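Undergrad: Need the 3D shape of this:
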Amino acid sequence: MGIFDLEFIAQYYKYFLRGTGVTLSVSFFGVVFGTMVGVVLSLMKLSNNKLAKGLSTAYIEVVRGTPLLVQLFIVYYGFPLFLPFEMSRIALGTVAVVLNSAAYVAEIIRAGILSIDRGQMEAARSLGMTHGMAMRFIIIPQAFKNILPALGNEFIVLIKESAIISVIGIHDIMYNADTLRGITYRPFIPLFYAAIIYFIITFTLSKLLGIFERRLRAGDQYN
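TA: Next up, the predicted model:
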């Protein structure tokens, strides 16, 4: 039996399909909600309020300075102690991914906002807009256009990093691959196919991201 064992694939492909669905869903919600939290954190860090700036800075530094595995265990074992309701493993795993992603996305968004010419804020204020209106309608939309490629890269990175959620029993690609290693007594083959799936997902997203970036640049040149 070689590496490309058709009998193995035919018998166990559903494990990989289910695991891929879980991995993609956790990564997708991690980026979507992580972006929402990241926007708030970035605005807090850019604000003149010392408390808001200090809290956001502290959160970002702590999250970026500690391993995702530690954060996952803190959420998995810590959150149920304080929540009045029960959360599933996949929900807790997704929360950990969201909280981790938010710190990195916050820095991406902050850099995008700072890349916008200060004159645009001054022009918006001279037209009677408040600071909040100018950020909402002028600055942030342009910043998001600049940082979309970086957010796409964050999604790709998150797909690979999300493999860590398998340690708390979430049936993602890696968990199901480990399950098959135990079922079949073949330690290498399931990992090999898991690696192929991760590569196909990330390679495809990278190519789509490259196409999107070229279209954005073409649109800027046209304008």
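Undergrad: In terms of secondary structure, what does the one helix or strand residue 107 maps to contact?
TA: Assigned by DSSP states H and E, residue 107 belongs to helix 89-114. Judged by 3 or more C-beta pairs under 8 Å, 6 or more residues apart in numbering; DSSP states H and E, the packing partners of helix 89-114 are helix 6-46, helix 50-64, helix 68-82, helix 140-161. Backbone N, C-alpha and C define where each C-beta goes, glycine included.
Undergrad: what's the spacing between the third one and its chain's center?
TA: Its chain's average C-alpha position is 18 Å from that of helix 68-82, according to C-alpha atoms, centre = their mean, to the nearest Å.
Undergrad: Equivalent analysis for the last one, please.
TA: In terms of C-alpha atoms, centre = their mean, the gap separating the centre of helix 140-161 from the centre of its chain is 9 Å.
Undergrad: and what of the longest one?
TA: Distance, stretch centre to chain centre, for helix 6-46: 7 Å (C-alpha atoms, centre = their mean).
Undergrad: 593 is where my numbering starts, stick with that
TA: I'll keep to 593 as the first residue from here, and by that count the last item is helix 598-638.
Undergrad: and the angle from it to helix 681-706?
TA: Interaxial angle, helix 598-638 versus helix 681-706 (axes from the mean of the first three to the mean of the last three C-alpha atoms, to 10 degrees): 50 degrees.
Undergrad: so what does helix 598-638 touch, helix or strand wise?
TA: Applying 3+ C-beta pairs under 8 Å, 6+ apart, one finds that helix 598-638 makes contact with helix 642-656, helix 681-706, helix 732-753, helix 765-776, helix 781-814.
Undergrad: Ok, the last one next?
TA: Applying 3+ C-beta pairs under 8 Å, 6+ apart, one finds that helix 732-753 makes contact with helix 598-638, helix 681-706, helix 781-814.
Undergrad: need the next SSE after the second one, C-terminal direction.
TA: Downstream of helix 681-706, the next assigned helix or strand under DSSP H and E is helix 710-718.
Undergrad: Tell me the buried residues in the next helix or strand after that next one?
TA: Later in the chain than helix 710-718, the nearest helix or strand by DSSP H and E is helix 723-726. Residues residue 726 are the ones in helix 723-726 that count as buried (16 or more other C-beta atoms under 10 Å).
Undergrad: Which elements pack onto helix 723-726?
TA: By 3+ C-beta pairs under 8 Å, 6+ apart, helix 723-726 packs against helix 710-718.
Undergrad: which one is the residue most central in space within the chain nearest to, not counting chain neighbours?
TA: Relative to the mean C-alpha position of the chain, the nearest C-alpha, by C-alpha atoms, centre = their mean, is the one of residue 623, at 3.5 Å. Spatially, and ignoring its direct neighbours in sequence, residue 623 is nearest to residue 747 (4.7 Å; C-beta to C-beta, 6 or more residues apart in numbering).
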